[in-house]
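Undergrad: Sequence and computational prediction follow.
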Amino acid sequence: MDDKEEGKEEEKEIEYKQIQILDLLPNQVLNFDIFIYLPTNNKYVKYINANDAMDFDQLQRLKFKKINELFIKKDDLEKYNRYVSSNVRALLNTGNEESKHKAVKVAAELIINSIDTLSSDSDILEWNNNCVELIKTVIDDIVQTDDISTAFNKISDLLSKEPTLANHSLIVSSLGVIFAMSLGNSAPRTLTEIAYGGLVHDIGLSELPAKVSEKYFNCEEMTLAEKALLKEHPKKGVILLQKNIKSKNITDNVLKIVFEHHENVCGKGYPLGLSYDDLSYLPKIISIADKVSFKMSSIKKEDISLKYIILKLKEEQGEKEILDKKMIKILLESISHGKSK
């Protein structure tokens with residue numbers, strides 16, 4: 001076999017793993033190669049060499065060309081996950097409050113986007129630690145805010161222009177904390193479970209075709225087959241967490257949040273159609289946070305008001321109780337009194 005044929009043979013054996021362009025921060029030296037996939041040639045072309053930095057202009061050119069997915073060699077997964085973990089820590093240790101607020105948003109994208117690249121026990125441990133650091137930052141910020149509307153405004157600033165799984169998860173996690181506190185739950189363990197559960201509540205969506213998730217977050221009409229797939233994501237989320245992310249932070253309450261967040265009080269939700277008496281307490285809080293998050297995405301930022309959104313949800317559900325009416329009533333009272341705890 002000559003050198004040319006040997007090179008082709010080696011290329012066939014290389015396995016690639018997709019990563020998101022959002023996972024890469026500008027002007028950082030990478031210790032792994034970055035590739036672009038060319039579907040017309042069915043080839044992976046190297047875009048950045050290991051030990052080179054991807055500058056801001058290179059990232060912008062990719063975004064301009066609407067190239068959102070990049071690839072790395074599967075053998076480089078551990079290097080990539082160490083890179084992500086390092087970035088998350090650096091972002092969350094930002095001293096300035098304003099820059100930290102922006103950093104939380106980027107950190108959430110890095111954490112959620114990397115869920116399907118975890119390849120070893122050390123990767124999983126790092127990923128879990130990053131989740132914990134992120135939710136600590138979120139909880140600390142909210143605990144220091146007495147007024148529920150002020151806390152909500154801070155969360156509104158975290159909204160992205162384009163809805164993504166990571167951004168939605170961060171918003172739900174943050175809303176879950178302020179709602180839990182407004183309902184009288186301030187124990188650190190409870191706030192940690194609600195924040196962690198909110199962050200991973202939709203993690204099962206990462207197991208579905210991208211088109212289904214995209215339609216879901218853009219509130220677009222789905223086919224019956226797509227709706228059936230969507231209804232699988234709570235179960236898939238629990239399986240993913242139990243199988244891959246074994247951690248003391250993933251408590252029974254966190255798993256219940258993931259499994260039950262689309263159940264309705266009236267028993268018309270999914271995946272099991274549980275009703276009021278069968279539903280766990282924390283998932284009911286995340287269900288409200290989930291609905292509020294979607295409403296926030298559909299309203300102009302300058303028009304967003306927590307009281308308006310919750311009143312709207314109350315009005316829309318009417319006599320058919322989807323969300324817990326008692327919780328809704330207490331939240332509205334908390335907004336009126338201006339207290340989050």
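TA: Yep, it's here.
Undergrad: And for residue 271, the neighbour number?
TA: Per other C-beta atoms under 10 Å, the neighbour tally for residue 271 reads 16. (Each C-beta comes from the backbone N, C-alpha and C, glycine too.)
Undergrad: pretty sure it belongs to a strand, no?
TA: No. Residue 271: not assigned to a strand; according to DSSP: H, G, I helix; E, B strand; the rest coil it is coil.
Undergrad: Pretty sure it sits against residue 237.
TA: No. Assessed by C-beta atoms under 8 Å, residue 271 is found out of contact with residue 237, at 10.5 Å.
Undergrad: Can you check which residues contact both of these two?
TA: Common neighbours of residue 271 and residue 237, counting by C-beta atoms under 8 Å, 6 or more residues apart in numbering, are residue 259.
Undergrad: which other helices and strands contact whichever strand or helix holds residue 194?
TA: For residue 194, the host element (DSSP states H and E) is helix 188-200. With contacts taken as 3 or more C-beta pairs under 8 Å, 6 or more residues apart in numbering; DSSP states H and E, helix 188-200 sits against helix 97-113, helix 121-143, helix 165-182, helix 252-260, helix 281-298.
Undergrad: By mean pLDDT, show me the worst of those.
TA: Per-stretch mean pLDDT for the helices and strands packed on helix 188-200 is lowest at helix 97-113 (a mean of 85).
Undergrad: For it, enumerate the helices and strands it packs against.
TA: Counting by 3+ C-beta pairs under 8 Å, 6+ apart, helix 97-113 packs on strand 16-20, helix 77-92, helix 121-143, helix 165-182, helix 188-200.
Undergrad: any idea of the angle it forms with helix 77-92?
TA: Angle, helix 97-113 to helix 77-92, by axes from the mean of the first three to the mean of the last three C-alpha atoms, to 10 degrees: 160 degrees.
Undergrad: Distance to residue 41 and mean neighbour count for the helices and strands packed on helix 188-200 - can I get that in JSON lines?
TA: As requested, those are arranged in JSON lines below (distance: least, C-beta to C-beta, whole Å; neighbours: other C-beta atoms under 10 Å):
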{"stretch": "helix 97-113", "distance to residue 41": "27", "mean neighbour count": "19"}
{"stretch": "helix 121-143", "distance to residue 41": "32", "mean neighbour count": "19"}
{"stretch": "helix 165-182", "distance to residue 41": "30", "mean neighbour count": "26"}
{"stretch": "helix 252-260", "distance to residue 41": "40", "mean neighbour count": "22"}
{"stretch": "helix 281-298", "distance to residue 41": "38", "mean neighbour count": "22"}
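Undergrad: Tell me which of these sits nearest to residue 195.
TA: Minimum separation from residue 195 across the helices and strands packed on helix 188-200 (C-beta to C-beta) falls at helix 121-143, 3.8 Å.
Undergrad: Can you give me the pLDDT of residue 96?
TA: pLDDT, residue 96: 66.
Undergrad: Including distance to residue 64, could the helices and strands packed on helix 188-200 go into TSV?
TA: Listed next are these as TSV, based on distance: least, C-beta to C-beta, whole Å:
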stretch	distance to residue 64
helix 97-113	19
helix 121-143	30
helix 165-182	21
helix 252-260	37
helix 281-298	24
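Undergrad: which residues sit in contact with residue 92?
TA: 100, 103-104, 107, 133-134, 137.
Undergrad: out of the residues you listed, who's nearest residue 68?
TA: Proximity of the contacts of residue 92 to residue 68 (C-beta to C-beta) peaks at residue 107, which lies at 19.1 Å.
Undergrad: Could you list the low-pLDDT ranges of the chain?
TA: 1-13, 95-98, 338-341 (pLDDT under 70).
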